[in-house]
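Student: Below are the sequence and a predicted model; questions follow.
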Amino acid sequence: MGKKRREEKLKRKAQQRTPLSGRDMLRIFPSLLLRAFIVVMPLTLLMTFLGASGVTLFNNFWVQMGAYLAAYIVFNKFIFGPVRNYRPANPPNAK
């Protein structure tokens with residue numbers, strides 16, 4: 001293997017993300033829970049208010065599940081931001 005190819009291989013390996021350990025996930029979990037709560041709670045209140053005020057569409061279970069799914073898809077980057085941006089304090093392959 002040539003020097004240039006070896007350097008490229010090491011560069012690619014350095015750029016790869018290491019999988020999060022269980023301890024790292026426990027550290028991130030409260031933030032995920034809070035962000036999901038911030039997204040779901042207003043949506044729940046809005047659907048409850050609309051259902052109570054006569055919009056019978058929001059009394060349907062499948063419409064509610066669709067609304068939750070749509071919110072999840074739209075706010076996915078916000079909810080999982082801590083996972084995407086997490087950098088472990090002591091990376092396993094750091095020297």
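Tutor: Cool, the structure landed.
Student: For the residue positioned nearest the centre of the chain, what are phi and psi?
Tutor: In the chain, the residue lying closest to the centroid (CA atoms, centre = their mean) is Phe80, at 1.7 Å. Per-residue torsions, Phe80: phi -100, psi 20 (degrees, to the nearest 10).
Student: Hmm, it is touching Ser31, no?
Tutor: No. When contacts are counted by CB atoms under 8 Å, Phe80 is not listed as touching Ser31 (10.0 Å). Bear in mind the C-beta positions are built from the backbone N, C-alpha and C, glycine included.
Student: tell me the contacts of the residue nearest to the centre of the chain?
Tutor: Leu32 (CB atoms under 8 Å, 6 or more residues apart in numbering).
Student: what do you get for Ser31?
Tutor: By CB under 8 Å, 6+ apart, the residues touching Ser31 are Pro82.
Student: could you check the distance from it over to Phe78?
Tutor: In this view, Ser31 and Phe78 are 11 Å apart by CB to CB, to the nearest Å.
Student: Relative to Lys13, how far out is Val83?
Tutor: Using CB to CB, Val83 is found at 21 Å from Lys13.
Student: quick one, which of these two is more surrounded?
Tutor: Using other CB atoms under 10 Å as the criterion, Val83 and Lys13 rank with Val83 on top: 14 against 9.
Student: Quick check: chain neighbours aside, which residue is closest to the more buried one?
Tutor: Ile28 (6.0 Å; CB to CB, 6 or more residues apart in numbering).
Student: Tell me how far the residue nearest to the centre of the chain lies from Val63.
Tutor: 25 Å.
Student: Then Asn76?
Tutor: For Asn76, the distance to Val63 - CB to CB - is 20 Å.
Student: of those two, who's got more company?
Tutor: Shown here are Asn76 and Val63; by other CB under 10 Å, Val63 has more neighbours (15 against 11).
Student: List the buried residues in the one helix or strand that one maps to.
Tutor: When elements are assigned from DSSP states H and E, Val63 belongs to helix 61-74. Buried residues in helix 61-74, defined by neighbour count with 16 or more other CB atoms under 10 Å: 64, 67, 71.
Student: No more questions from me, cheers.
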